[in-house]
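Enquirer: Can you look at this prediction? I've put the sequence above it.
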Amino acid sequence: MAETPDLATLSTKELHDRAVKLAARRGDVKFLWALLKAIPGAEVAAGKQGEGEVDIWNTAALIDDYIHAGEGEVGEVLRPMYLDYLGKHA
């Protein structure tokens, strides 16, 4: 069995991808829903004020944000969420 790398050394994009893939594999809708709810706040925290408000009402934009939630400043704001989830369930 391959050794699991230290999660803190992984890029935020890699953490996002692993956490989302693990949650999907486990059928963990609770985590996926929590991630979707956290994205607008993460966008505001990352300085993208208008996007946080729009995403609450725009499902297509929210799904796109979900796909890219491991990138850029938004990904960095969500990084602790990915570390926590992977630390508990990986």
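Expert: All right, it came through fine.

Enquirer: C-alpha only now, for contacts and for neighbours.
Expert: OK.

Enquirer: Tell me how many other residues crowd Arg18.
Expert: By the measure other CA atoms under 10 Å, the count of residues near Arg18 is 17.

Enquirer: got the contact list for it?
Expert: Applying CA atoms under 8 Å, 6 or more residues apart in numbering to Arg18 gives the contacts Leu86.

Enquirer: mind checking the SS state of it?
Expert: Per DSSP: H, G, I helix; E, B strand; the rest coil, the secondary structure class of Arg18 is helix.

Enquirer: measure it to Gln49 for me?
Expert: Arg18 sits 28 Å away from Gln49, going by CA to CA, to the nearest Å.

Enquirer: ok, then the element right after the worst-scoring helix or strand of the chain on mean pLDDT?
Expert: Sorting the helices and strands of the chain by mean pLDDT, DSSP states H and E puts helix 49-57 at the bottom, at a mean of 58. As assigned by DSSP states H and E, the chain's next helix or strand after helix 49-57 is helix 59-67.

Enquirer: buried sites along that next one?
Expert: Buried residues in helix 59-67, counted by 16 or more other CA atoms under 10 Å: 62, 65-66.

Enquirer: Stretch 73-87 now?
Expert: Burial within stretch 73-87, assessed by neighbour count using 16+ other CA under 10 Å, is assigned to 73-79, 81-83, 85-86.

Enquirer: now swap in stretch 31-40 and tell me
Expert: 31-32, 35-36, 38-40.

Enquirer: Among those, which one sits closest to Leu10?
Expert: Distance to Leu10, by CA to CA, is smallest for Leu35 among the buried residues of stretch 31-40, at 18.8 Å.

Enquirer: Good, wrapping up.
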